[in-house]
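Chemist: what follows is a predicted protein model with its sequence.
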Amino acid sequence: MLRKLLAILAGVVLAVAFVGAAQAASFISSYPPPESIKNQGNVVQQTQLYYYRWTYFSDTGEWVTIGPWKASRYDWPQADRVASGRRVNVVVRFKDKPDQLFVTRYGSVYANGGPRGSGTKVPVTLYPIKESPDGYVSKWGAYFKLPPGNHRITIRTGYFPPDSSHHSFGVETRLAHLKAY
């Protein structure tokens, strides 16, 4: 009986260690996290990567930095329609909470695709997305609202260097193009 209890206890300890290691490892990514735009519960657009500088802890036990990388020009996605005044969500597929997430909208662009002016910062509300019954956060979202019009949007997401862990960190800028009606 004691042997059975010890075997069960050892199995539970191993399972907890395995789940903890899997969750810790999931914070290590060798590439900036992808982001998408959702409106009324549906993905309406995958954002376009414009710039990044990313650092991660490699399998060899060393910190590796990739970038900075910058697109040769602004390559805005085709405009997708969203309802004006309704919540538009940026979904970041990364388990770490972003330390910063800025959304800026531009009304027009130059012939080369570069945004005109300094744009308008859009207030965002950041929230965790839990996709499992145990409440484990698998993604982060930020919602904002747009007035009617054609909007080219930059999304700058940043993760600060960790104090003592081996979590990935860096910054990225992504592009989106939405028409609010």
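Modeler: Thanks, I have the structure now.
Chemist: the spatially closest residue to residue 127 that is not a sequence neighbour pairs with what?
Modeler: Closest residue in space to residue 127, ignoring its immediate chain neighbours: residue 141 at 5.4 Å, by C-beta to C-beta, 6 or more residues apart in numbering. In short, each C-beta sits where N, CA and C put it, glycine included. With DSSP bridges applied, residue 141 shows beta-bridge pairing to residue 91, residue 127.
Chemist: now residue 141: how far from residue 88?
Modeler: Residue 141 is 10 Å from residue 88, where distance means C-beta to C-beta, to the nearest Å.
Chemist: pull up the overlap in contacts between these two.
Modeler: residue 38 (C-beta atoms under 8 Å, 6 or more residues apart in numbering).
Chemist: more crowded one of these two?
Modeler: For the pair residue 141 and residue 88, the greater number of neighbours falls to residue 88 (26 against 19), based on other C-beta atoms under 10 Å.
Chemist: can you name the helix or strand that the more buried one falls in?
Modeler: strand 87-92 (DSSP states H and E).
Chemist: could you dump that strand to PDB, C-alpha only?
Modeler: These are the backbone C-alpha positions of strand 87-92, laid out as PDB (Å, rounded to 0.1, in the frame of the first residue of the first chain):
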ATOM      1  CA  ARG A  87     -14.200  47.000 -30.200                       C
ATOM      2  CA  VAL A  88     -11.300  46.000 -32.500                       C
ATOM      3  CA  ASN A  89      -8.900  43.600 -30.900                       C
ATOM      4  CA  VAL A  90      -5.200  43.000 -31.400                       C
ATOM      5  CA  VAL A  91      -4.400  39.400 -30.400                       C
ATOM      6  CA  VAL A  92      -0.800  38.700 -29.500                       C
END
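Chemist: packing partners for it?
Modeler: Here strand 87-92 touches strand 35-39, strand 100-106, strand 137-145, going by 3 or more C-beta pairs under 8 Å, 6 or more residues apart in numbering; DSSP states H and E.
Chemist: the same query, at a cut-off of 6 Å, please.
Modeler: Using 3 or more C-beta pairs under 6 Å, 6 or more residues apart in numbering; DSSP states H and E as the contact test, the elements touching strand 87-92 are strand 35-39, strand 137-145.
Chemist: residue 130 and residue 96, how far apart?
Modeler: Residue 130 is 15 Å from residue 96, by C-beta to C-beta.
Chemist: related to what we said a few turns ago, between the helices and strands packed on strand 87-92, which one is closest to residue 61.
Modeler: Within the helices and strands packed on strand 87-92, the stretch nearest residue 61 is strand 137-145; the backing value is 26.6 Å (C-beta to C-beta).
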